[in-house]
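> The following block contains a protein sequence and its predicted model.
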Amino acid sequence: MPEPGADILVVASREPVALEVWVPLEEAGHRVRTVADGLAAITELKRQLPDVVVAEWEAPGLDGRGLCEAVRGDPELRDTHVIVMTSSARAERAAEALEAGADDYLATPFEQTELLARVRAGRRTSQLRASEARLRALMANVPGAIYRCAPDREWTMELISDEIERISGHPPADFIDSAVRTFASIIHPDDRERVENAVFEACKARRPFVLEYRIQHADGDARWVLERGQLVHGTNGRTWLDGAIFDISARREAEEERRRREAEQARVAELRASRARIIEAADAARRRIERDLHDGAQQRFVAVALQLRHLLSRLQKTAPDAALLLEDALDELQRATDELRELARGIHPALLTERGLVRAVEALISRLPMAAKLHEAPKERLPQPVETALYYVIAESLTNACKHADASAVTVDIGCAQGRAWAVVADDGVGDARMTEGSGLGGLSDRVEALDGRLTVQSPPGRGTTVRAEVACD
Amino acid sequence: MGSVNETILIVDDHATFRRSARLLLEAEGYRVIGEAEDGRSALSEAESLEPDVVLLDVFLPDLDGFEVASELTGRGLAVVILTSSRDGADFGSLVAESGARGFIPKMQLSGAALDALVGS
């Protein structure tokens, strides 16, 4: 199959030489450009790289040596295949030309067939170089270290791309033939055996392997890498591993971080749940104590009072003196019962359990010695822990408004929407209230936070106090 | 006493209260014709006994005292007086809304207190 024509640049100062080269090449189907000297050749090379340059060794201006050196010194031009035409009378020229960087030489005079053969060979070399350059560029640009190594326990490298230096901190040359260190030596000791087993098993099963393991970077830190590879069988019975190694430390760190965050979140959620359970248990205990006081002592006091009152109505007719004494006793009993009732209410407001947050807050408001109003309130009952938390926040805020804020009016709002419930208590008092640890509200903030909530106090001096509690409400 | 011989049904889940209230009120001229310990039996007893007055505890084990009061007054079965060992202020407007004639704290219960409300 005839090869397509090549791009050839001919550098010849003398017309006959130019013709001698140009004509047969054109006739052979190549595209030929000609320039008269080395400087013009450089310009032309930079304009468009040819497959092959055929240049005179002896030329005015920039001669063959100068041209070769210029070409080899320029990264963009250095892969150009250069054939130098030297005089056969001066055999040492050939050596000089090769020394200067020429790829090949033609001793003048030469046969046309030799010229064509040399150009063809030059072009093949040029193509090979271009393909190698592409491969090198590819290897340099792949975000991983591409390698070929022996399937031994050291992973003796035949080739490994520059990326390994970024990944491991060691230059690639260190690993070639294990010159400075073996690749196995930088695999984390805890992972070495696992890597070895995985690779050898995959080789035995004739399938590719993918594994993640740690390597020890030159800076002392561990890095995570992903390696993909497979065993390759050469034609001569030789086997090797081809593969690539990618730095996945960032991904692993992100995963680690995510795992840590999830674990932390789970821990926080569990802490919150356990705090909620503790508070709920304490509330249940308080409800029970209140209930016991109400059903026990309080009922007995009521019964005693009624019996005494019964007695009183008789004594008033028969023994008025004793009746007076009994009236005092009844007053005393009334006070004791009132105190007991207040004590029970302080332990737990039964009204809250029995009639719900709104009614309990209305009762609180009705006892306040100032203008107070419940603005908005949900019609339905909220979960017990939510009602209890909001009740205590409202009760404490109302107490503060009375005792410390010198307020003349206070409003309460209770709401519930989209899985959140809230209570807002706003007074028109002196402000400057602070939620400190050990204060009533400070203690309540734990209760609110246990329900995934937040307690905030806004209290600019002279502009009233607004307490807002918001909790999760499923 | 203007309410002598008025008949009364006492509704409370505490037996000691029912017993003490019965003794006191009977001594003061009321005729206690029945006792009930929860809301449902209160409704059925009121229906069958047709008392003039039902003395009704706010907190009952089954129904809400205010609901029982609404039911009784709504059907014109009796005059209802609510009672509780808790503070009347706790109930705000509920007493009036229930149709009950009034509220007497348990400690203050007497024939005279009852007369004051029933007679009004």
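Arrived safely, thanks for sending.
> what helix or strand does whichever residue of the stretch 51-200 of chain A sits closest to chain B sit in?
The nearest approach of the stretch 51-200 of chain A to chain B comes at residue A:190, 67.1 Å away (Cβ to the nearest Cβ). For glycine as for every other residue, the C-beta is placed from the backbone atoms N, C-alpha and C. Assessed by DSSP states H and E, residue A:190 sits inside helix A:189-204.
> and the next helix or strand after that helix, how far from the chain's centre?
Using DSSP H and E, the helix or strand that follows helix A:189-204 towards the C-terminus is strand A:209-216. Averaging C-alpha positions (Cα atoms, centre = their mean, to the nearest Å) puts strand A:209-216 20 Å from its chain's average.
> Enumerate the residues of chain B near chain A.
B:14, B:16-17, B:19-21, B:23-24, B:27-28, B:59, B:85-87, B:89-92, B:94, B:106-107, B:109-111 (Cβ under 8 Å from any Cβ of the partner chain).
> same thing but 7 Å
Contacts of chain B with chain A, taken as Cβ under 7 Å from any Cβ of the partner chain, map to B:14, B:16-17, B:20-21, B:23-24, B:27-28, B:59, B:85-87, B:89-90, B:92, B:106-107, B:109-110.
> picking up where we left off before, only the buried residues of the helix holding residue A:190, if you could.
A:191-192, A:195, A:198-199, A:202-203 (16 or more other Cβ atoms under 10 Å in any protein chain shown).
> Also stretch A:90-97?
A:93-94, A:96-97.
> distance between that stretch and the chain's centre?
That offset, for stretch A:90-97, works out to 64 Å (Cα atoms, centre = their mean).
> Now residue A:205, what are its backbone angles?
Main-chain dihedrals, residue A:205, degrees, to the nearest 10: phi -90, psi 0.
> neighbours around it, how many?
10 (other Cβ atoms under 10 Å in any protein chain shown).
> coming back round to it: tell me the angle of the helix holding residue A:190 relative to strand A:209-216?
Angle of helix A:189-204 versus strand A:209-216, following axes from the mean of the first three to the mean of the last three Cα atoms, to 10 degrees, is 160 degrees.
> so which helix or strand takes in the residue of chain B found nearest chain A?
Chain A sits closest to residue B:20 of chain B, with a gap of 3.7 Å, by Cβ to the nearest Cβ. Residue B:20 belongs to helix B:15-27 when assigned by DSSP H and E.
> Please identify the buried residues of that helix?
Buried residues in helix B:15-27 (16+ other Cβ under 10 Å): B:17-25.
> From the contact counts, what lies against the next helix or strand after it?
Sequence-wise, the next helix or strand beyond helix B:15-27 is strand B:31-36, with elements assigned using DSSP H and E. Counting by 3 or more Cβ pairs under 7 Å, 6 or more residues apart in numbering or on different chains; DSSP states H and E, the packing neighbours recorded for strand B:31-36 are strand B:7-11, helix B:15-27, helix B:39-49.
> Next, the angle helix B:15-27 makes with strand B:31-36.
Computed by the same axes, to 10 degrees, the angle separating strand B:31-36 from helix B:15-27 equals 170 degrees.
> Only the buried residues of strand B:31-36, if you could.
B:32, B:34-36.
> Return the backbone torsion pair for the residue nearest to the spatial centre of chain B.
In chain B, the residue lying closest to the centroid (Cα atoms, centre = their mean) is residue B:55, at 1.0 Å. In terms of degrees, to the nearest 10, the main-chain angles of residue B:55 are phi -90, psi 110.
> pretty sure it contacts residue B:81?
Yes: with contact defined as Cβ atoms under 7 Å, residue B:55 counts as touching residue B:81 (5.3 Å).
> returning to that earlier point: got a list of what the residue of chain B closest to chain A touches?
Residue B:20 is in contact with A:303, A:306-307, counting by Cβ atoms under 7 Å, 6 or more residues apart in numbering or on different chains.
> Same list, those residues, but only the ones touching chain B.
Okay, of the contacts of residue B:20 touching chain B (Cβ under 7 Å from any Cβ), that's A:303, A:306-307.
> Mind putting those into JSON lines with neighbour count and secondary structure?
Below are the ones next to chain B among the contacts of residue B:20 laid out as JSON lines (neighbours: other Cβ atoms under 10 Å in any protein chain shown; DSSP: H, G, I helix; E, B strand; the rest coil):
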{"residue": "A:303", "neighbour count": "20", "secondary structure": "helix"}
{"residue": "A:306", "neighbour count": "24", "secondary structure": "helix"}
{"residue": "A:307", "neighbour count": "15", "secondary structure": "helix"}
